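J.: only geometry, no sequence info:
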Ligand SMILES: Cc1cc2nc3c(=O)[nH]c(=O)nc-3n(C[C@H](O)[C@H](O)[C@H](O)COP(=O)(O)OP(=O)(O)OC[C@H]3O[C@@H](n4cnc5c(N)ncnc54)[C@H](O)[C@@H]3O)c2cc1C
Ligand SMILES: Cc1cc2nc3c(=O)[nH]c(=O)nc-3n(C[C@H](O)[C@H](O)[C@H](O)COP(=O)(O)OP(=O)(O)OC[C@H]3O[C@@H](n4cnc5c(N)ncnc54)[C@H](O)[C@@H]3O)c2cc1C
Ligand SMILES: Cc1cc2nc3c(=O)[nH]c(=O)nc-3n(C[C@H](O)[C@H](O)[C@H](O)COP(=O)(O)O)c2cc1C
Ligand SMILES: Cc1cc2nc3c(=O)[nH]c(=O)nc-3n(C[C@H](O)[C@H](O)[C@H](O)COP(=O)(O)O)c2cc1C
Ligand code: FES
Ligand code: FES
């Protein structure tokens, strides 16, 4: 192959320089990773989940390591939408990388208010609805396991914003296709698959859970097979639904696997913790993968699995 | 602490020498591992899933490794119940270790016929209903995700056997408690949690799935947090329901974690592949754990989590 | 046996080919050519599964393993140093039937691994084996070629090399030389890439020479329990590479389904 | 900075205590006492996360890390050999405020790790620090004691040892000696087990001496992104150990909630 592969892609109403996006909750508000690489090297980023009011989050300990993975129960700690708009967004607006804002509400009304508050603000490239957080009592996964609830919240937000609307789904369901279909019909521009698996870790000597919240969300390489399966399942069942795939992506080949399974873009989460340059490295490695495989445009990988 | 800890336990109608049982599909018909340790060192074993007729299983490749885990899509290959009774059971009957027979039917009627065929035969210590296999088209997980279907098959088998009846549940559901409750109400003596998570692996260079069956069951250390969470969830919601915990157990401390979460016994699956003596080693290590922690009887660990 | 073996040496023969020797007396005593062992490449949990390797040689208490670095596990194995302990179990599976007088051993690349041990035992029992050994290219594999030449010549087993690029011996594919090489042969033992095995099996079939092939399949347990390693059988159904194999009569294999 | 550092040496000081030196010029230039680095203990995926370690010393281009083997990651780290490359990033977090003339440094066990670097910089800027160092027992820790004595004495920082079993210095707990030791002190820098930090903070509070504590918390990212490492704050909410900490004024911490 001659020349560098064309890396741009388009997903859920956004054109991206390349398909690698930093995932929510693992990239802070973007600025935390700016010392480690130029954010223009990646396709985009998603902020930590933002709620109407500031949230302290759960009691510590909030994180623990597991085999090839980790559990977290942060509890959606965040500065609240007003402080986000005042303190975080101006910096993001100055970056040459689109930022999606991950939203967390405890009710449909809260999601709507958040979307209204952010609509039209400089620096907000897309909204990602987090209806899949396993670490909060209200909202979160409670919404995300119920297709009707997902449809309602998606439709309600759809009505108040013209921003690209991504809906982030939980893997902790019997039938991901039902939830995905509900979100698409209600007006989602893209589906993000997957959030964390509900898990738990125990310190046998202390006879205590390792997380103060007892249960938490499992992420990292351990869950990659589950993420790939869900992306493939949903991509087959809903042809044409734009998908952003994530779960355990650590290198360019992992990203290529998600694209082949049917994702139009990917997000890199936990890998940033093990290597603060992970997102940029994955983007570079994906380009190299394309070059090595004679793929002239990365978009040719999307859904290209021979199965 | 003085003396060796008391290791026996009782679960779902069976008294066991110790709480460590070899899991189905990862221990053959028992004999495959007899060269590696004396089977009396473990509490019991579960056979590979047995169906009415012999099954060839899925096309290869059937297994592949993932981060801290593996995928399998064996497709319940087995010799069929008649060959099992003729060729495998006599040997098992001669062992001083109780064997549960894992049953797989494509319909309630097939489960019933299997139970009837095995009822009263020497060497069959318990029946384990596999309503959770992700690798077969009919039955398996299709049953296991539906509380009504699980209740029906459990009740139907309950009517035709007086053997201890264990029901093995899938983690691929939104609400494991609903399925677990349905199985208990329908007459299960114990619940086995968890079977494999539905997953997938892709060879990006060949653009092909790594398993001929495309999707398969994820097992091994990677899934331990999910197994622990489900055992804890079900144990809290259904106090008194005997639980056999499994998923990723590799050492004695892993086993202790499952007991603390609420299991009365555990099964060791994939670990046997990485170490053919794993089941016996886990039993020994669990005894050592008890001794070190001043626990005079292993049963004191059950449900002992401080949460 | 199952337990720890001590690494004697782990010698690099070519860029990605290593010869590992393990002090494993029990295994050495019990091993037969064509059998394999399961080797854990770390003491940690990653990678999770053991790797299958053919038994390449047995010298006294030492077992030799010839391996190529192809992925994560073999990359880790290449870092093993003398004195280190590695968990393993074996010997496993069914090996070659060595009741032959004038056998031809056909190796493709790393397929030499089990055949060297077969040659050793064959000459020891008075047979006169010959080895036909094919490589894509000998370039960079000098150490491997030398090691094979040396030990098989010492066992008075004649070795012929064939390379696709002509860098050593005749130029071409092993299978092109086969019809001639099969003359006077009372059995073939073959190990190498799938396409080669199949071509050799067909050539033997045409000439009515019994052919045994050593097959590879992804394995989880190595002991017949997981049913992961199956090979399509000529009479329908499947055979376990780790139990009924890895060596099978070519006629027992359903070659079209194997593709 | 983020990148690879070369292991200079990895010296065992006691049964489970090691002193690692890393060639990391950029890090060495930027580091301030009390800051930490994130270190990957393998190049593989297991364990997944990097481990936080205090910066123990800076000598030219070399950064020293003093660590105790407590689990999987530190066990692997103990196997690192000279010349090996390890991924790391740092310096991270907020260190000690060193604007003091007569500070008392209080260490419990491995709490010496960040305090040695603090002593180095304090004496360099003309302050006269003293170190009060507590151990459960000095038995088996001779190498550590010697290393601490040697380098702090060289920096004319007086060291007093306290051991619970009396095996070195005074017998008892650090905190029992504290009221006396605080005389004439214009600030305390403290690192050690949580219970000790709290007791030292209380003693300082009683005597009106400003106290800075270096805190530990399980960390995932080390850079302020994951919100995993939080410490309950005196004015409600939480502070990130990796960002607002690891060194915090004792008064900023909500000690009851920390238990
Ligand atoms: C009975 C038997 C005997 C064998 N004997 C030898 C031997 O003597 N010397 C030797 O070098 N190799 C031998 N192999 C192959 C060897 O087991 C694999 O090369 C090894 O498992 C790869 O491990 P890895 O972690 O390095 O590669 P992985 O990271 O697991 O995989 C890397 C690549 O190797 C391929 N691969 C993985 N497993 C196998 C396999 N079992 N067979 C073929 N390709 C595979 C994968 O598809 C992938 O492309 C044998 C295999 C079997 C089944
Ligand atoms: C800012 C900071 C600076 C540190 N500086 C040093 C230092 O200079 N020298 C040193 O030896 N250690 C230091 N630590 C602690 C060190 O990070 C842990 O000991 C290390 O991460 C354990 O890794 P492991 O894989 O060996 O243990 P794991 O297998 O992860 O855990 C083993 C045991 O250690 C405990 N543990 C794990 N992480 C931590 C932690 N962060 N803090 C306390 N206990 C933990 C676990 O609960 C478990 O009981 C520091 C920690 C922090 C947060
Ligand atoms: C510490 C942590 C915090 C997270 N916070 C959020 C969040 O606020 N909103 C959200 O939608 N997902 C959140 N996630 C989920 C990730 O975005 C991602 O879906 C998940 O971790 C799987 O991807 P990975 O395996 O690449 O990490 C969080 C994950 C982690 C590990
Ligand atoms: C190769 C393989 C075959 C299996 N076959 C069966 C089976 O026949 N019946 C069944 O109920 N579970 C089967 N299982 C699931 C295991 O019994 C177990 O539930 C699962 O692997 C999780 O435990 P582990 O992580 O300890 O392996 C199989 C698992 C593997 C890996
Ligand atoms: S490798 Fe498990 S049956 Fe052959
Ligand atoms: S370790 Fe991630 S925020 Fe502190």
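T.: Structure received. The structure presented is a predicted model; accordingly, all values stated were derived computationally and were not measured. Ligands and ions are numbered 1, 2, ... in the order given.
J.: could you list the domains of chain C?
T.: Listed by automatic domain parsing, the domain ranges of chain C are C:2-92, C:97-182.
J.: so does the first one get close to chain B?
T.: Think domain C:2-92. Yes - legend: contact between domain C:2-92 and chain B by CB under 8 Å from any CB of the partner chain is shown at C:2, C:40, C:45-50, C:87, C:89. Every C-beta, even on glycine, is put in place using the N, C-alpha and C of the backbone.
J.: let me know which of the domains of chain C is the nearest to residue B:83.
T.: Closest to residue B:83 of those is domain C:2-92 (CB to CB; 23.6 Å).
J.: close to chain A, is that closest one?
T.: Yes - Domain C:2-92 is in contact with chain A by CB under 8 Å from any CB, via C:45-46.
J.: rank the domains of chain C by mean pLDDT and give me the bottom one.
T.: Of all those, the minimum mean pLDDT falls on domain C:97-182 (a mean of 91).
J.: is ligand 1 contacted by that domain?
T.: Yes - Domain C:97-182 reaches ligand 1 (CB under 6 Å from any ligand atom) through C:110, C:113.
J.: just the endpoints, please. Distance across that domain?
T.: 18 Å (CA to CA, to the nearest Å).
J.: what does stretch C:102-117 give?
T.: Span of stretch C:102-117 from end to end, CA to CA: 16 Å.
J.: just the buried residues of it, please?
T.: Buried positions in stretch C:102-117, judged by neighbour count with 16 or more other CB atoms under 10 Å in any protein chain shown: C:103-117.
J.: kindly report the same for stretch C:194-208.
T.: For stretch C:194-208, by 16+ other CB under 10 Å, it's C:196-201, C:203-204.
J.: list the contacts of that stretch.
T.: If you take CB atoms under 8 Å, 6 or more residues apart in numbering or on different chains as the criterion, stretch C:194-208 is touched by C:106, C:108, C:111, C:134, C:173-175, C:178-179, C:182, C:188, C:190-192, C:210-211, C:213, C:215, C:250-251, C:253, C:255, C:258-259.
J.: next one: stretch C:158-175
T.: Applying CB under 8 Å, 6+ apart, the contact partners of stretch C:158-175 are C:106, C:108, C:130-139, C:145, C:148-149, C:152-153, C:176-177, C:181, C:192, C:196, C:199-200, C:203.
J.: among the residues you listed, which are in strands?
T.: Among the contacts of stretch C:158-175, the ones falling in strands (DSSP state E) are C:106, C:108, C:130-135.
J.: count of neighbours near residue 87?
T.: Went with chain A since none was named. Neighbour count for residue A:87, taken as other CB atoms under 10 Å in any protein chain shown: 11.
J.: that answer is for a different chain, and I need it for chain C
T.: When neighbours are defined as other CB under 10 Å, residue C:87 has 19 of them.
J.: and it, its phi and psi?
T.: phi -80, psi 140 (degrees, to the nearest 10).
J.: who does it bridge with?
T.: Beta-bridge pairing for residue C:87 (DSSP bridges): residue C:4.
J.: just the buried members of the contacts of stretch C:158-175?
T.: When those are checked for burial by 16+ other CB under 10 Å, the buried set is C:106, C:108, C:130-135, C:138, C:145, C:148, C:152, C:177, C:181, C:192, C:196, C:199-200, C:203.
J.: isn't there a strand covering residue A:257?
T.: No - using DSSP: H, G, I helix; E, B strand; the rest coil, the secondary structure at residue A:257 is helix, not a strand.
J.: and the residues of domain C:2-92 next to chain B, which is closest to ligand 3?
T.: Nearest to ligand 3 among the residues of domain C:2-92 next to chain B is residue C:46, at 16.4 Å by CB to the nearest ligand atom.
J.: any idea how far the residue of the stretch 151-259 of chain C found nearest ligand 6 lies from residue B:273?
T.: Closest contact between the stretch 151-259 of chain C and ligand 6, by CB to the nearest ligand atom, is at residue C:220 (36.5 Å). To residue B:273, residue C:220 is 4 Å away according to CB to CB, to the nearest Å.
J.: which stretches of the stretch 101-250 of chain C form helices?
T.: Using DSSP state H, counting those that start in this stretch, the helices of the stretch 101-250 of chain C run over C:112-124, C:142-154, C:174-181, C:194-207.
J.: any chance of the ones you listed in CSV, with distance to residue A:201 too?
T.: Output for the helices of the stretch 101-250 of chain C, formatted as CSV (distance: least, CB to CB, whole Å):
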stretch, distance to residue A:201
helix C:112-124, 42
helix C:142-154, 47
helix C:174-181, 54
helix C:194-207, 43
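J.: enumerate the residues of the stretch 101-250 of chain A near chain D.
T.: So the stretch 101-250 of chain A meets chain D at A:220-221, A:250 (CB under 8 Å from any CB).
J.: by neighbour count, which of the residues you listed wins?
T.: In terms of neighbour count, residue A:220 stands highest of these at 29 neighbours, by other CB under 10 Å.
J.: contacting residues for that residue?
T.: Taking CB under 8 Å, 6+ apart, we find residue A:220 in contact with A:66, A:68-70, A:248, A:269-271, B:67, D:48.
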